[in-house]
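Participant: fold the following.
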Amino acid sequence: MKESKAVFVISGSILLCIVRMTNSKIPSKKIKVKKIILNSFLPQIYLVPPKYANGIMSLEKNTKVFFFSDKTLQESKKDDFRFDEDYWGNIWQK
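Facilitator: So this is what the prediction gives:
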């Protein structure tokens, strides 16, 4: 996970969850998940640093989000890891 991202909500709101990754291929399920709520009513850009996995859930209908990356699309595709939505427990509760 070498990519860093910036997240900006244009309209609506999201729950952004980030997890610090370790050097192992399969991260521990005991790692603490940081939850951040971003919305268009209080505009801000949130930086997701390298070595962090991230996921979002829309909290409102018609939410729109911009993601900015420091990598090209080709580089980003090589740095893509997927986890089951409940890998770190039930983190997607509002």
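Participant: every contact and neighbour count from this point should use C-alpha atoms.
Facilitator: OK.
Participant: these two touch, right, Val7 and Ser40?
Facilitator: No. Judged on CA atoms under 8 Å, Val7 makes no contact with Ser40 at a distance of 11.6 Å.
Participant: host element of Phe83?
Facilitator: Counting by DSSP states H and E, there is no helix or strand that carries Phe83.
Participant: repeat for Val9
Facilitator: Following DSSP H and E, one finds Val9 within strand 5-11.
Participant: what is the following helix or strand past that strand packed up against?
Facilitator: Downstream of strand 5-11, the next assigned helix or strand under DSSP H and E is strand 13-20. Under the contact criterion of 3 or more CA pairs under 8 Å, 6 or more residues apart in numbering; DSSP states H and E, strand 13-20 touches strand 34-39, strand 52-58.
Participant: what about this protein, any weak spots by pLDDT?
Facilitator: 1, 24-28, 94 (pLDDT under 70).
Participant: pick out the residue nearest the middle of it.
Facilitator: When CA atoms, centre = their mean is applied to the chain, the residue found nearest the centroid is Asn54 (2.5 Å).
Participant: and that residue, how close does it get to Phe41?
Facilitator: Look at Asn54 and Phe41: by CA to CA, to the nearest Å, they are 22 Å apart.
Participant: show me what contacts Ile91?
Facilitator: Counting by CA atoms under 8 Å, 6 or more residues apart in numbering, Ile91 touches 17, 33.
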